[in-house]
Every structure is written in C-alpha cells, then in structure tokens.
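> build me a structure from this.
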Amino acid sequence: MSLYEHVIITRPDISPTQVEEIVNNIDKKVQNLGGTVEGAEYWGLRNLAYRMNKNRKAHYNMLKINADSSVIHEIERQHRINEDILRYMSIRVDEFNEDPSPILRKREERKRKERR
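Presented below is the predicted three-dimensional model:
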C-alpha cells in the first residue's frame, strides 16, 4: 500500500458540518475499499488564489490516506461526480509528517501572538 496526502477544496456556501460529512464519507469509502485514513485536517474557509466556479473562498481539508492506487482512483472518480467539491489533489508521499501542516502551524502562531 502507498501513502497519499489528499487535499479537497469544497464550495464556500456549505456549512462546516456538511464538509465534515463529506470527509467522513471519504473515510468510510476508503475503509470499505481496504485502505485507512491516518489523519484529517480541516484548514478552514480560506481565500482562493483565483476564482473557481464564481467562488472567491472555499473550505480546505487534507486527508492522510494509506491505500492502493485503485482506491485513490475510485475516490477521485466520485469527487468528479460530487458538485460540492470544487477541486481535489492526491500526492503520493514516502512517509507522513507527524507535525501539523504548515497552514495549521501558522494559525497556531497567530493565536499565540494574539494572547500576548
């Protein structure tokens, strides 16, 4: 099995609970197909670098998936059908980084500065 980092960008007009449901559905699909989701991070509602389908913002999520390539192909096929998902990207990695992603680290640094 291979390790993948899978980023999903969803529409801004859906609620964070709906985004969480999408992530949970992906988790269930991966497990049903014989893989595992090692971790998931919600990066929040962020500005886009350019407009996508007339949207200026989107919800970002990153999943750390341990599965075969066929599982990733099936998930990506289902993403193309889902209208709530604007974009997705899967990257194969050699190992998962145990530290939080740079986006979450930046958020934590801002919170520390605000406390001072």
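
> in what helix or strand does Ser90 lie?
According to DSSP states H and E, Ser90 maps onto strand 85-93.

> paired strands for that strand, with orientation please.
Under the criterion DSSP bridges, strand 85-93 sits next to strand 2-10 (antiparallel) in its sheet.

> which SSE is immediately downstream of the strand it pairs with?
With elements assigned by DSSP H and E, the helix or strand that comes after strand 2-10 is helix 16-32.

> what does the helix or strand following that following helix rub up against?
Taking DSSP H and E as the definition, the helix or strand that follows helix 16-32 towards the C-terminus is strand 36-52. By Cβ atoms under 8 Å, 6 or more residues apart in numbering, the surrounding residues in contact with strand 36-52 are 3, 9, 12, 16, 19-20, 23, 26-27, 30-31, 55-67, 86-87, 96, 100-101, 103-104, 107. C-beta coordinates here come from the backbone N, C-alpha and C atoms, glycine included.

> return the set of buried residues in stretch 44-60.
With burial defined by 16 or more other Cβ atoms under 10 Å, the residues of stretch 44-60 counted as buried are 58-60.

> measure that stretch end to end?
6 Å (Cα to Cα, to the nearest Å).

> what mean pLDDT would you report for it?
Mean pLDDT, stretch 44-60: 91.

> quick one on the thing from earlier: filter the contacts of strand 36-52 down to the buried ones, ChimeraX style.
Taking 16+ other Cβ under 10 Å as the burial criterion, the selection of buried members of the contacts of strand 36-52 in ChimeraX is written as:
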select :9,12,19,23,26,27,30,58,59,60,61,62,63,64,65,67,86,101
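
> same for the helix or strand that the strand holding Ser90 is followed by, what does it pack against?
Elements were assigned by DSSP H and E; along the chain past strand 85-93, the next helix or strand is helix 102-115. Counting contacts by 3 or more Cβ pairs under 8 Å, 6 or more residues apart in numbering; DSSP states H and E, the secondary-structure elements packed against helix 102-115 are strand 36-52.

> perfect, that will be all.
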